[in-house]
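Undergrad: can you look at this prediction? I've put the sequence above it.
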Amino acid sequence: MASKIILGRGIALITGAASGIGRETAFAFAEAGVTGIAFADINEQGAQAAAEESKTYATNGEYRCIAVHVNISDEDSVQKMVDSTVKEFGRIDYCVNSAGIGNTSGAVMPNLKLDFFSKIMDINVKGTMLCDRAVARAMAQQEPLTYTSRRHGTRSLGRGSIVNLGSTNSYVAVPGMMGYTTSKHAVIGVTKSAALDCAQFHIRVNALCPAWVDTPMMQASLARVPTLGQLIKTASPLRRAAIPEEVADCIVFLCSPSASYINGAGLLVDAGLSLTAHVP
Ligand SMILES: NC(=O)c1ccc[n+]([C@@H]2O[C@H](COP(=O)([O-])OP(=O)(O)OC[C@H]3O[C@@H](n4cnc5c(N)ncnc54)[C@H](O)[C@@H]3O)[C@@H](O)[C@H]2O)c1
């Protein structure tokens, strides 16, 4: 089957690639024709399995992939991930930061444990910043890619595109979700700042902000909060969670030539959930 969005070349580094949105995004990149993907995750076995499966979807005859262990909250580990990707493939054109943790606490603010708040900020915020920083340093060293349009000739695509995973919780708050909501608001701060700071190197940085996506993270939330399944059906204007492919395709779009003028955006992919306070 032909890919919906064609990249045709390039190297992708994807964190959180062992599961959920990261895994699906890597498959979408393979289908879009990239030449190489580094599957990075704290779960190295899962990353290895996803890398193996990606070969089924790859459309570029030169496609290669590797699995890399990373703990995104550890500066040295993040640097090693970037170094081994550059060593293997020579460059990084697309970076997707999908590694993260969900709101496993559920405590309302007066009862919120500092340990949990610190942990989620460490992984979701510091982890995203560390990955953006290390990847941007590598991207800044490389030659820009170009794109030739039949109507308007050749334009530079810049030295790379980075996509961070925000959430609808990057824009709205939900009771009992202070840790997660704060971390996802901060991901927008990281994204906007990185977008401005990296513009001089012609590196674009955006955030993709989905509502519920049916992944192992959402399944864990459904197991913790029995009323969540009905809430999703009631609150989502489309009466369902997104499937991972619907999010992955938007991430590929943000990395594609079609998005070459999008920088510093937080793209909501929530079926209109955050448009209204009205719940039917
Ligand atoms: N699923 C949803 O409903 C939803 C909605 C909005 C935003 N998001 C965001 O999308 C991203 C991906 O979520 P998902 O649903 O695919 O989750 P998931 O749990 O299926 O996958 C997350 C992956 O991140 C990895 N990971 C966790 N901590 C790590 C660390 N310290 N270092 C390296 N890897 C680590 C995990 O091993 C796992 O493979 C997260 O940032 C999440 O907050 C998810």
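TA: Looks like it arrived, so ask away.
Undergrad: now the end-to-end length of stretch 135-152.
TA: End-to-end distance of stretch 135-152: 30 Å, with Cα to Cα, to the nearest Å as the criterion.
Undergrad: same thing with stretch 27-37?
TA: End to end - Cα to Cα - stretch 27-37 spans 9 Å.
Undergrad: near the ligand, which residues of this protein?
TA: By the rule Cβ under 6 Å from any ligand atom, the part of the chain lying against the ligand is 15-16, 18-22, 41-43, 46, 70-73, 98-101, 123, 127, 165, 167, 210, 212-213, 215-218. Where you see a C-beta, it was placed from the backbone N, CA and C, and this is true even at glycine.
Undergrad: now tell me what touches stretch 254-265 from outside.
TA: For stretch 254-265, the surrounding residues in contact (Cβ atoms under 8 Å, 6 or more residues apart in numbering) are 5-7, 10, 12, 29, 32, 93-94, 96, 147, 149, 155, 157-158, 161, 163, 191-192, 195-196, 199, 204-208, 253, 267.
Undergrad: let's see 7 Å
TA: Under the contact criterion Cβ atoms under 7 Å, 6 or more residues apart in numbering, stretch 254-265 has outside partners 5, 7, 94, 147, 155, 157, 161, 163, 191-192, 195-196, 199, 204-206, 208, 253, 267.
Undergrad: which of the residues you listed are buried?
TA: By neighbour count, with 16 or more other Cβ atoms under 10 Å, the contacts of stretch 254-265 hold 5, 7, 94, 157, 161, 163, 191-192, 195, 204-206, 208, 253, 267 as buried.
Undergrad: which one of these is nearest to Leu231?
TA: Proximity of these to Leu231 (Cβ to Cβ) peaks at Leu208, which lies at 22.4 Å.
Undergrad: list the buried residues for stretch 20-32?
TA: So stretch 20-32, judged by 16+ other Cβ under 10 Å, has buried residues 20-32.
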